[in-house]
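Undergrad: Here's a sequence, model it:
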Amino acid sequence: VGLALREGNPVVLEEGRHLLAAPEWNFVGVQPATQDKVAWPECPAVLLVRVRPGKIAFIKEFGAPRVLHSRKDPYELQSPAQELVKVLDLMTVDVLRFDEMGSLDLVRVRPGNVALAWHNGVPKVLPASEVRRLLMP
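TA: Sure thing, here's the model as predicted:
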């Protein structure tokens, strides 16, 4: 996968040939597309993140927590608006925490179990076999 600047704005170039006419376009470089995180040292504001099956990614988008689910195509993150926090394995952990302040938790309740969560000061029972998104008020 490649990266070019068009009038100073980053543009991700997919596989194939591209006509980049100067002075409008400036070629930055090429990186292997099979990596989970693709970055260009010449343009640190752009990061491609591939979220593979069984994984989930947490990002900050304009300062708010957001979840990226697995998909075939990578996500294109541009800082400072979007910042990768971490990529986690969904299969091994039942509670995925965005941060230690509890601003966003993903909770999986396995079959045969129930979970208790607090929502606006009121206890709430979470049934089994559901993944719930819990946001801090």
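
Undergrad: Now do Pro137, the pLDDT please.
TA: Reported pLDDT at Pro137 in the predicted model: 50.

Undergrad: got it, and Gln35?
TA: Per the predicted model, pLDDT is 90 at Gln35.

Undergrad: Relative to Asp99, how far out is the closest residue to Glu42 other than its chain neighbours?
TA: Spatial nearest neighbour of Glu42, excluding adjacent residues (C-beta to C-beta, 6 or more residues apart in numbering): Val28 at 5.1 Å. Any C-beta I mention is one placed from the backbone N, CA and C, and that applies to glycine too. For Val28, the distance to Asp99 equals 32 Å [C-beta to C-beta, to the nearest Å].

Undergrad: and the two? which has more neighbours close in?
TA: Val28 (17 against 14; other C-beta atoms under 10 Å).

Undergrad: Please give me every residue in contact with Glu42.
TA: 3, 28-29 (C-beta atoms under 8 Å, 6 or more residues apart in numbering).

Undergrad: Quote the end-to-end distance of stretch 41-61.
TA: By C-alpha to C-alpha, to the nearest Å, the extent of stretch 41-61 from end to end equals 22 Å.

Undergrad: Name the residues of that stretch that come out as buried.
TA: Neighbour counts using 16 or more other C-beta atoms under 10 Å place 46-51, 55-60 of stretch 41-61 among the buried residues.

Undergrad: Can you redo those as a markdown table, where the extra columns are distance to Val125?
TA: Formatted as a markdown table, the buried residues of stretch 41-61 follow (distance: C-beta to C-beta, whole Å):
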| residue | distance to Val125 |
| --- | --- |
| Val46 | 44 |
| Leu47 | 39 |
| Leu48 | 40 |
| Val49 | 35 |
| Arg50 | 36 |
| Val51 | 30 |
| Lys55 | 28 |
| Ile56 | 24 |
| Ala57 | 29 |
| Phe58 | 26 |
| Ile59 | 30 |
| Lys60 | 30 |
